[in-house]
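S.K.: Have a look at this prediction, sequence included:
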Amino acid sequence: MKKGQTVYLLTTTPAGALHEYAEKLGIKTSSVLSKNIYGHYRKLIRFCYKYQIDFVFSHLQQPNLVAVLSQYFIKASVWPMRHHADDVYLSGNKNALKIDKLINVLSKKILVVSGACKRHMTSWEGVPAEKIIIMPLYYNFDFYSICEKSLIDTTTDNALKLISIGRMVANKNHIDLLKMIKRLTDEGLNIKLVLLDTGPLENVLKGFVSDSGLDNRIFFLGRQTDVIKYICESDLLVHTSVSESGPQVTKEAGICRKPVIAVEGIGDIDEYIIHGKNGFLLSRDNIQQELYETLKQVYNNRSILIDMGNELDKSVRQKYGLSSAAITYDHIINGSIK
């Protein structure tokens, strides 16, 4: 917008907090509601003609499909951005796999959020490497305010406070974390865990917690819009997911100066988390045991978390600052990337 472009935010969901925030930045917002992809497809074409759109940057699978199908009927250049790496492949969702394949074929170029996503697409989906442009999710760190407010009172019992944030599906692998909390608390360690978000496995996870007698240790707080506050009140973020493209919560933990436990080789984790310096990396084939050992190490030496959190903050801010995103968009708009 500072360079004279008019920016529109068009969503397939009702207007809400995102729209309000975007409007404060001078972005024109709109919401297109339809019962099916065909309805979204028709409305996107009309929108592009009405506002004389030059570039369409779509995000996530269904909007990407709508955008690439629409490109033959609009003047705008279409740039789908893929946010997932191998989770569709791992889930075996045949319909989602077909949609990915169609988007891959119809796209002239595809933006992806990490090298992991590109590697999966070239190795397993047969997409030519030159068709894929890596563009991480960048952040305007000025928009983040770090909160000191206490949300869960564990100060009286000196518990190690953990947080895990992610949709409750198999690939996020919450169950390994819950099993290790059970094992450690059975050994007398004072640990408390907050789980944010929901998902189809929520009742299964709640059942495990109840059956294990962990109701006073593990708290299901559902989907929250102020996740930064909860991260700030934790000592450590634990992210046991085995499928990611470019996880946001691990970066958000960094700017809250909280170290992370994550699985190595997942998404772009290895690009900014250095084991033992600003976080802890677990081997994918030995998650439970290494998680157990790491949590026990941290529990007995919590002082290391302060320096590690500060180091992760530096790493994330250096690599994912907003200025890098502006360069890529400039190249696309001025035709340097075609």
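M.R.: Arrived safely, thanks for sending. Please read these numbers as outputs of a predicted model, since none were measured by experiment. Residues are numbered from 1 along each chain as shown.

S.K.: thinking Gln5 is in contact with Ile333, fair?
M.R.: Yes: assessed by Cβ atoms under 8 Å, Gln5 is found in contact with Ile333 at 7.4 Å. The C-beta positions use only the backbone N, C-alpha and C, and glycine is treated the same way.

S.K.: Same drill for those two, tell me which one is more crowded.
M.R.: Ile333 (14 against 10; other Cβ atoms under 10 Å).

S.K.: ok, the helix or strand Thr29 falls within: who's next to it in the sheet?
M.R.: Following DSSP states H and E, one finds Thr29 within strand 28-31. Strands that pair with strand 28-31, judged by DSSP bridges, come out as strand 8-11 (parallel).

S.K.: what secondary structure does Leu97 sit in?
M.R.: Following DSSP: H, G, I helix; E, B strand; the rest coil, we place Leu97 in the helix state.

S.K.: Spit out the contact partners of it.
M.R.: Going by Cβ atoms under 8 Å, 6 or more residues apart in numbering, Leu97 touches 88-89.

S.K.: C-terminal to the strand holding Thr29, what's the next element?
M.R.: Taking DSSP H and E, what comes next after strand 28-31 is helix 37-51.

S.K.: helices and strands around that next one, which ones?
M.R.: On a contact count with 3 or more Cβ pairs under 8 Å, 6 or more residues apart in numbering; DSSP states H and E, helix 37-51 meets strand 8-11, helix 61-70.

S.K.: So for the strand holding Thr29, what gets flagged as buried?
M.R.: For strand 28-31, burial by neighbour count (16 or more other Cβ atoms under 10 Å) applies to Thr29.

S.K.: which residues are in contact with it?
M.R.: For strand 28-31, the external contacting residues (Cβ under 8 Å, 6+ apart) are 6-15, 19, 22-23, 47.

S.K.: Quick one: mean pLDDT over stretch 317-336.
M.R.: Stretch 317-336 shows a mean pLDDT of 80.

S.K.: outside of that stretch, which residues touch it?
M.R.: Under Cβ under 8 Å, 6+ apart, the answer for stretch 317-336 is 3, 5, 54-55, 77, 79, 133, 135-141, 251, 254-255, 271-272, 337.

S.K.: Would you point to the one among the helices and strands packed on helix 37-51 that's packed deepest?
M.R.: Scoring these by mean neighbour count under mean count of other Cβ atoms under 10 Å gives helix 61-70 as the most buried, with a mean of 21.

S.K.: Count the neighbours of Ser315 for me.
M.R.: Applying other Cβ under 10 Å, we find 19 residues neighbouring Ser315.

S.K.: Over to Glu187?
M.R.: Neighbours of Glu187 (other Cβ under 10 Å): 10.

S.K.: What is the distance between the strand holding Thr29 and the centre of its chain?
M.R.: Distance, stretch centre to chain centre, for strand 28-31: 23 Å (Cα atoms, centre = their mean, to the nearest Å).

S.K.: what mean pLDDT does that strand have?
M.R.: Across strand 28-31, pLDDT averages out at 93.

S.K.: Taking the contacts of strand 28-31, tell me the two that lie furthest apart.
M.R.: Across the contacts of strand 28-31, the longest distance by Cβ to Cβ is 22.9 Å; it joins Thr6 and Pro14.
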